[in-house]
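# Below is the structure, and that's it, no one-letter string:
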Ligand SMILES: [Zn+2]
């Protein structure tokens, strides 16, 4: 979380200047798929961090940062429509009986936010809430939010509400006028291409054109493209005791090395997250298997393996032998996960 996307460093500097004006409400606006929410989360974590670094980023080490990473920080709220907050697994468990998750931010969520704003911060510092996407608020929600924005804040310490929006024209003008606004940049095409290549995407140009030059949308599309192989891969590494590392390395030969390393990194992210009491982010369908493995592995070994993946990611652009690389990573993984 401590890393912004490369095209966001300028806007991070702009935020640091805006911050001196102690805004109570901030609007992050810009196209879809450029990392606005990730930026908002970095910003929130840095405000809550006990020892931010000199460049303004969260330290990633303090108690506050740990709570934040686990999604349990008492002075932080992420307000999203139910459909974004829910994992796939909840849907499965409830079968067809449950009503469809809401696509709007409902007024009850904003009322809870009002309560949160009026409380004192647990940690004596900031309280931060991110509303994403802000245009998902219906009319009642917007009116309720307006009330919160109109109330004199700061009685119990500092509060910052961050509205993340790619359609700010749908927000009430009275809301907009109470927010300091920060435009999030669409990166230059060359920069997006370079970044996507680093993520192991083969044909970034085509995907960027398809997604209006939004790099995160392009990445999501690339992952869909390779969806079938991805699902098969995840299923196999979900059973490390039965994993045929050599056979799988053989089969993966046609894949970009960076892509496969990225898949393993996502898998390890989920393992680490469940081990720390957080939630799965990438492989909700395999949550039970991830939980089982996470319970067995040693946190230090996992960290060491993640470092091995980071090195592999750097070298993935010019691997000497792709099959050998896959074999070594998968054998290490099997050793880690079936210990
Ligand atoms: Zn910190």
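Perfect, I can see it now. Not measured: the values here are computed from a predicted model.
# Just give me the neighbour total for residue 186.
For residue 186, the count of nearby residues is 17 (other CB atoms under 10 Å). Placement of C-beta: from N, CA and C, glycine included.
# Contacts only, for the closest residue in space to it that isn't next to it in sequence.
Nearest non-adjacent residue to residue 186, counting by CB to CB, 6 or more residues apart in numbering: residue 31, 5.2 Å away. By CB atoms under 8 Å, 6 or more residues apart in numbering, residue 31 lies in contact with 166, 184, 186, 212, 214.
# would you list these in a markdown table and tack on distance to residue 10, secondary structure and pLDDT?
Below are the contacts of residue 31 laid out as a markdown table (distance: CB to CB, whole Å; DSSP: H, G, I helix; E, B strand; the rest coil; pLDDT from 0 to 100):
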| residue | distance to residue 10 | secondary structure | pLDDT |
| --- | --- | --- | --- |
| 166 | 19 | coil | 94 |
| 184 | 10 | coil | 95 |
| 186 | 12 | coil | 92 |
| 212 | 21 | coil | 82 |
| 214 | 18 | coil | 92 |
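# Which ones, among those residues, also lie beside the ion?
Among these, no residue lies close to the ion (CB under 5 Å from the ion).
# Please produce a ChimeraX select command covering the buried subset of these.
Entered in ChimeraX, the line below selects the buried ones among the contacts of residue 31, by 16 or more other CB atoms under 10 Å:
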select :166,184,186,214
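# For my notes, please list the contacts of residue 31 in CSV and give distance to residue 43 for each entry.
Shown next, in CSV, are those (distance: CB to CB, whole Å):
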residue, distance to residue 43
166, 17
184, 11
186, 19
212, 24
214, 20
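# and the contacts of residue 31, which two are the farthest apart?
The distance between the two most remote of those (CB to CB) is 14.2 Å, for 184 and 212.
# For the ion, state which of the contacts of residue 31 is nearest.
Distance to the ion across the contacts of residue 31 (CB to the ion) is lowest for residue 184, with 23.6 Å.
# For that closest one, give me its contacts.
8, 11, 28, 29, 30, 31, 34, 35, 36, 39.
# among those residues, which are in helices?
11, 36, 39 (DSSP state H).
# Which one of these is nearest to the ion?
residue 39 (17.3 Å).
# my read: the closest one touches residue 8, true?
Yes: using CB atoms under 8 Å, residue 39 is in contact with residue 8, at 5.6 Å.
# rewinding a little: looking at the contacts of residue 184, which one is closest to residue 138?
residue 29 (19.4 Å).
# dump the residue contacts of that closest one.
36, 165, 166, 168, 181, 182, 183, 184.
# Go ahead and build a ChimeraX selection from the buried members of those.
In ChimeraX, this line selects whichever of the contacts of residue 29 come out buried by 16+ other CB under 10 Å:
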select :36,165,166,168,181,182,184
